[in-house]
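Asks: need a structure here:
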Amino acid sequence: MQDDVVFRRFDADDAAWSVAQHRKLYDDAEGFDDSFGDLVEQIITDFLNDHDPLQERGWIAELNGVRLGQIFCVKLDDRTAKLRLFLTVPDARGLGLGKALLGACMDFARDKGYAKMQLWTHESHEAACALYRKFGWELTNSKPVHSFGVDLVEQSWEIEL
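Replies: Purely as a prediction, here's the structure:
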């Protein structure tokens, strides 16, 4: 990863970018319909309106003011954090940015006293799933579904911190 990439806290000014990136990238890569972007928008709205800044955080990765990626750590319960909205833009892939974002998110969860983390994704996200495995995450559930206008294999992952 380039030394001049910075991670900063996600804020309300990032919301439109995040929703637009999710809509475009998931439509282009997988044919997702607008219901996916609507879900992302609701997750972000809920986070901005109701997150606990001491126990939850969103990050934006930037290079020279250009957003390259994001990740969120949110509270499920006192012991469990959930990784959400992990994304890197196509031009930033393969540079180690995903590793750095995932590491920062997991370190934050450990530092805040969470004992484990969970996430939800799709089997088609091969690079992300390979990264989760590399970091020690375990696949806990996998099932075929029809979501966001397409047939998918939904996955749940978990890691003890």
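Asks: CA atoms for contacts and neighbours, from now on please.
Replies: Noted.
Asks: and the strand or helix carrying Leu87, what other elements does it pack with?
Replies: Here Leu87 is covered by strand 80-88, with elements defined by DSSP states H and E. Counting contacts by 3 or more Cα pairs under 8 Å, 6 or more residues apart in numbering; DSSP states H and E, strand 80-88 packs against strand 66-75, helix 97-111, strand 116-122.
Asks: and with 7 Å instead?
Replies: In terms of contacts (3 or more Cα pairs under 7 Å, 6 or more residues apart in numbering; DSSP states H and E), strand 80-88 is packed against strand 66-75, strand 116-122.
Asks: between it and strand 116-122, how many degrees?
Replies: 40 degrees (axes from the mean of the first three to the mean of the last three Cα atoms, to 10 degrees).
Asks: what sits against the closest residue to Tyr132 other than its chain neighbours?
Replies: Of all residues not flanking Tyr132 in the chain, Glu138 sits nearest, at 7.8 Å (Cα to Cα, 6 or more residues apart in numbering). By Cα atoms under 7 Å, 6 or more residues apart in numbering, the contact set of Glu138 is Trp157, Glu158, Ile159.
Asks: relative to Gly98, how far out is Glu138?
Replies: Look at Glu138 and Gly98: by Cα to Cα, to the nearest Å, they are 18 Å apart.
Asks: what residues does stretch 88-95 touch?
Replies: Stretch 88-95 has contacts (Cα under 7 Å, 6+ apart) with Met1, Leu68, Gly69, Gln70, Gly98.
Asks: neighbours around the fourth one, how many?
Replies: Residue crowding around Gln70 was assessed by other Cα atoms under 10 Å; the count is 26.
Asks: and if you look at the third one?
Replies: Around Gly69 sit 24 other residues, with neighbours defined as other Cα under 10 Å.
Asks: in contact with it, which residues?
Replies: Residues in contact with Gly69 (Cα under 7 Å, 6+ apart) are Ile60, Ala61, Leu87, Thr88, Val89.
Asks: whichever strand or helix holds Glu62 packs against which elements?
Replies: Assigned by DSSP H and E, Glu62 belongs to strand 57-63. With contacts taken as 3+ Cα pairs under 7 Å, 6+ apart, strand 57-63 sits against strand 5-9, strand 66-75.
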